[in-house]
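> take a look and give me a structure for this.
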Amino acid sequence: MALELGAGPGAALLALGARVRPLRLAALEIQPAYAALLRRNAARNAQAVEVVEGDVAAPPPALRGAFDHVLLNPPFFDRRRSTRSPDPGRDVAHGGAREDDDPLAPWLRLAARRLRPGGTLTAIARAALLPALLRLPPGLGSPDLLPLSPRAGEPPLTVLLRARKGGRAPLLLRHPLALHAPGGAPLPWVEAVLRDAAPLPWEAPPPPSPSQGRTVASAGPKPLTSR
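Have a look, this model is predicted:
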């Protein structure tokens, strides 16, 4: 059983459902228009999804049960420091429904409550939100961070977090995983994930492409010589 918090139109949840069958799917979405779109997308993809409308900060009674996995893609921008979108739907999706000193806290608390013992959380957030993402509530532990860089050698802009209900392992920070080649094209592993349902190479990063390797080598310092 898998639950996505703030599911929007359901891209991540439906992709999971297509890869892992059979799998019970549930979603919580605060915006009625997005919830309706998720229901239509699920029907078009022949997937059964229990869609519950409500707020992560005050989840409705209809959202119940214990899940093996919880996904969350919380708002990427700090409401207090970002420019509002003129589109109301995008504004809530990007900045959340309210201003909050710790905007990720209700998302993480709800994830911890809805996970069964030993269940896993997967979250994605901007790197700038990493301090808030790591303030895990009681019950969640063993944080495993995978930074995502636009290209090899560039600072990560996004991070993926995995955590476990009842986990006690220390923080594990993995080497950044590049998404694009120097020219901007997606790297082969990205194409495989998007088009062939390949698993994300979380445990063992893929080898660099030849062009990627040359770029990294040329960007490094020149070897020192005695002359």
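> state the number of residues packed around the closest residue to Ala62 other than its chain neighbours.
Spatially, and ignoring its direct neighbours in sequence, Ala62 is nearest to Val52 (4.9 Å; CB to CB, 6 or more residues apart in numbering). Every C-beta, even on glycine, is put in place using the N, C-alpha and C of the backbone. Using other CB atoms under 10 Å, Val52 has 18 neighbouring residues.
> confirm that Val52 sits in a strand.
Yes: counting by DSSP: H, G, I helix; E, B strand; the rest coil, Val52 is part of a strand.
> list the contacts of the helix or strand containing Gly17.
Assigning secondary structure by DSSP states H and E places Gly17 in helix 11-19. Residues from elsewhere that reach helix 11-19 (CB atoms under 8 Å, 6 or more residues apart in numbering): 2, 4, 7, 23, 25, 27, 38, 41-42, 45, 47, 49, 69, 71, 73, 197.
> and these, which are buried?
2, 4, 7, 23, 25, 27, 38, 41-42, 47, 49, 69, 71, 73 (16 or more other CB atoms under 10 Å).
> buried stuff in the helix ranked longest in the chain?
In the chain, assigned by DSSP state H, the helix with the most residues is helix 32-44. By 16+ other CB under 10 Å, the buried positions in helix 32-44 come out as 34-35, 37-39, 41-42.
> please work out the average pLDDT along that helix.
In this model, helix 32-44 has an average pLDDT of 96.
> can you show me the CA trace of that helix as CSV?
Backbone C-alpha positions of helix 32-44 (Å, rounded to 0.1, in the frame of the first residue of the first chain) are rendered in CSV as follows:
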residue,chain,number,x,y,z
PRO,A,32,-10.4,19.9,-5.6
ALA,A,33,-9.5,20.6,-9.2
TYR,A,34,-6.2,18.7,-8.9
ALA,A,35,-8.0,15.9,-7.1
ALA,A,36,-10.5,15.6,-10.0
LEU,A,37,-7.6,15.6,-12.5
LEU,A,38,-6.0,12.8,-10.5
ARG,A,39,-9.1,10.7,-10.7
ARG,A,40,-9.3,11.2,-14.4
ASN,A,41,-5.6,10.4,-14.9
ALA,A,42,-6.1,7.2,-12.8
ALA,A,43,-9.0,6.1,-14.9
ARG,A,44,-7.2,6.8,-18.2
